[in-house]
Structures are given as C-alpha cells and as structure tokens.
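Student: below is the sequence, then the predicted model.
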Amino acid sequence: MVFCCVNQKEAGLELRIATYNIHKGESFAYRPIIQELKKAICSLDADIVFLQEVQGRHDRKGELFAPDWHHKGQAAYLADMTQYSAYGKNAVYEFGHHGNALLSVYPIVCHTNTDVSDHSLEQRGILHCKIQAGPIRIYCYVVHLGLFKGSRIRQARALIETVNQSAPQGAPIIIAGDFNDWQVNLSGMLREGLGVSEVFDDMDSGPAKTFPAIFPFFRLDRIYTRGFHITGARVMQGYPWTRLSDHAPLFATLEIDR
C-alpha cells in the first residue's frame with residue numbers, strides 16, 4: 001500500500017499539520033484497523049503528523065494488524081517509503097511497546113525522546129524532531145501527558161525546559177499531542193514559558209473539544225506554535241474518524257511568520 005499524501009509545496013511558505021491519538025491502531029472492540037487508519041491519515045494530505053499511542057512492537061498482535069507492520073512498527077508502516085518518520089518508545093511491557101511518533105514529508109534531521117514519566121503507573125515521553133523544510137529548520141515536539149493534574153504540571157515544566165534547551169531563541173516550533181488537559185490549566189504556562197499560541201486561541205471557544213470522538217466534549221488535544229501565522233484550524237469529525245479512535249484528530253494550516 002503506497003502512502004499517497006506526499007505534497008511538495010514550496011518549502012517554508014505553508015504547512016498542513018495534524019495531531020492524532022490513534023489508540024494503538026485498534027478499534028474500541030480491539031479489532032486491528034491500522035490499514036484503515038493509514039488511509040484516513042493519508043486523506044488529510046498533511047505535511048507533518050503528530051501521533052500518540054503508536055505501537056512500536058507487539059509480539060502477540062503484530063501479525064494481525066497488517067502483514068508488514070510487525071517488522072518495522074506502526075510509525076514506519078504509516079509513513080511507508082515516501083515519507084520520513086520518527087518514533088519515541090515510552091510504555092514498555094512484556095510483549096512490546098508503544099509511544100509517540102512523527103510523520104513528515106520533509107527530512108527529519110535528527111530526533112530524541114525525553115522521558116518525562118512522573119510515576120510508575122504511567123510512562124510518558126516527549127519526542128523532539130528537527131525538520132528541514134527547505135531553508136527553514138522547524139523544531140517539532142510530540143507529547144502525551146499524564147492523567148493526573150500534578151503529573152501534567154510537572155511534565156509541562158519539563159516540556160518548557162526541553163524546548164528552551166533544544167530550540168534556538170525565536171526559532172519556529174510546533175508542539176502537538178494529547179495533553180489530557182481538560183481543565184485547560186497548562187496553556188498559560190506554555191505561553192509564558194515558550195511564547196507559543198494554540199491554534200484555536202483566536203476563537204472564543206478556546207481549545208477544541210476532541211474526546212470522545214463520537215461526541216466530543218473534553219478539550220484534550222492541542223497544537224501550540226511559535227513563529228507561525230495560523231490560517232485555519234478544525235476538528236476532524238464524522239466518518240471515518242468516529243470509528244477509528246476515541247480521539248478526534250486536529251488539523252491546522254500554518255504559514256511561516258516572516
């Protein structure tokens with residue numbers, strides 16, 4: 001199956017990005033749907049996709065998902081031969097592991113994964129990727145924060161420290177993922193610490209509702225940017241998204257702030 005959405009726009013003028021918690025490539029009935037997810041993500045025609053709950057390996061389920069993903073992981077399977085991908089292993093268990101991933105039509109110069117686990121019950125990480133979009137270096141961070149408020153606050157502080165240490169001052173950055181921040185406690189910290197804005201900040205409603213996908217009520221998923229002008233943002237709702245994951249994906253179009 002060929003990944004069909006490589007889009008060679010003029011580098012740096014416009015970016016189409018998405019963030020999506022893919023529920024390990026399983027339906028709510030634990031049916032393998034990674035091939036359907038691949039088709040849906042392809043339909044977004046995004047330049048950069050931030051993914052959470054990506055299965056890197058599962059010895060018991062791998063062969064059930066798709067004939068070839070088991071040997072290279074879901075991130076590489078979703079990217080295929082025509083896209084770049086990076087994967088950060090977070091949760092490790094007896095039969096495999098899962099974590100965050102980034103897909104990009106532009107070269108990923110390097111990537112690192114920072115462990116921000118706050119306690120033994122939840123293994124969390126920040127996947128940091130440097131992307132070269134023509135002459136422009138973009139710093140991307142894929143996050144999936146914890147379920148407890150105290151953990152999220154400490155992980156947000158770790159995120160601010162990670163970004164400030166890895167991205168030059170004023171460099172364009174994109175931070176996206178599942179923040180589990182339904183009470184919207186973290187946006188102020190991130191704005192103050194990093195000078196970012198959320199793609200829905202200009203809308204009176206605030207961050208978008210993305211969970212549960214079938215009837216979004218909680219504001220869990222976010223896209224924060226610095227150095228970009230937001231030209232559009234929306235929640236992907238309806239078919240096929242309501243049957244692929246418990247989260248609805250976010251999609252945004254950005255222009256480099258010159």
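Tutor: Sure thing, it's come through. Residues are numbered from 1 along each chain as shown.

Student: from here on, contacts and neighbour counts on C-alpha atoms
Tutor: OK.

Student: need the contact list for Glu26.
Tutor: Neighbour list for Glu26: Pro32, Ile33, Ile34, Leu244, Ser245 [criterion: CA atoms under 8 Å, 6 or more residues apart in numbering].

Student: and these as a markdown table, adding pLDDT and distance to Ala75?
Tutor: Below are the contacts of Glu26 laid out as a markdown table (pLDDT from 0 to 100; distance: CA to CA, whole Å):
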| residue | pLDDT | distance to Ala75 |
| --- | --- | --- |
| Pro32 | 78 | 15 |
| Ile33 | 83 | 14 |
| Ile34 | 85 | 10 |
| Leu244 | 93 | 16 |
| Ser245 | 93 | 16 |
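
Student: in helices, which of these fall?
Tutor: If you go by DSSP state H, the contacts of Glu26 have Ile34 in helices.

Student: among the contacts of Glu26, name the buried ones.
Tutor: For these, a burial check counting by 16 or more other CA atoms under 10 Å picks out Pro32, Ile33, Ile34, Leu244, Ser245.

Student: so the second one is in contact with Leu244, correct?
Tutor: Yep, that's Ile33 we're talking about. Yes - contact criterion CA atoms under 8 Å: Ile33 and Leu244 qualify, at 7.2 Å.

Student: and which of the contacts of Glu26 is nearest Leu159?
Tutor: Nearest to Leu159 among the contacts of Glu26: Ser245, at 25.6 Å, using CA to CA.

Student: which parts of the lengthiest helix in the chain are buried?
Tutor: The longest helix of the chain (DSSP H) is helix 149-166. For helix 149-166, the neighbour count (16+ other CA under 10 Å) marks Lys149, Ser151, Arg152, Ile153, Arg154, Gln155, Ala156, Arg157, Ala158, Leu159, Ile160, Val163 as buried.
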